[in-house]
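[1] A structural model of the following input is requested.
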Amino acid sequence: MKKILHSRLPERFAGRVPPLVVEIAVALVVTGVLAILRIAMIPWVGDLAPYALVFVAAVGSTFLGGWRSGLLAILIGQFMVWNLVVYPAANPILRSQLVGGLVVATIAQLVAVAIIAL
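    Predicted structure coming up:
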């Protein structure tokens, strides 16, 4: 089962590119594409479910590049969504309360990455 769920992309390029570079590239590309998609969706969905595509980026990056790629996707994705989607749309009085949603989403994403990486 582990062989089915693991793409070994960093290992496939190991002869040409260091695995860490592949892992970073996977995280940047997957997170970047999904961040652009999420920003494009703002006119239709606003700030509803802001972390949903970060979850997809974390899972996709973990599957393609491994746990480090998934972790980097979470860090980059959460930062981008917080600064480009959540924080600008929030009422200044309620901004401090939105941190709870960020924390819960981050924990759920970390659990998903851990499960996939194991």
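[2] only C-alpha atoms for contact and neighbour calcs from this point on.
    Noted.
[3] what's next to the longest helix anywhere in the chain, contact-wise?
    Among the elements of type helix in the chain, defined by DSSP state H, the one spanning the most residues is helix 19-40. With contacts defined as CA atoms under 8 Å, 6 or more residues apart in numbering, helix 19-40 is touched by 9-11, 13, 50, 53-54, 57-58, 60-61, 64-66, 68-70, 72-73, 76-77, 80-81, 84-85.
[4] can you pull out the low-pLDDT segments for the chain?
    Along the chain, the parts satisfying pLDDT under 70 run over 1-7.
[5] redo that, cut-off 90
    1-20, 35, 38-43, 45-50, 65-66, 81-102, 116-118 (pLDDT under 90).
[6] may I see the buried residues of the longest helix of the chain?
    Of the residues in helix 19-40, those buried by neighbour count under the rule 16 or more other CA atoms under 10 Å are 19-20, 22-28, 30-32, 34-35, 38-39.
[7] and the helix or strand following that helix, how far from the chain's centre?
    With elements assigned by DSSP states H and E, the helix or strand that comes after helix 19-40 is helix 42-45. Using CA atoms, centre = their mean, to the nearest Å, the mean C-alpha position of helix 42-45 is found 20 Å from that of the whole chain.
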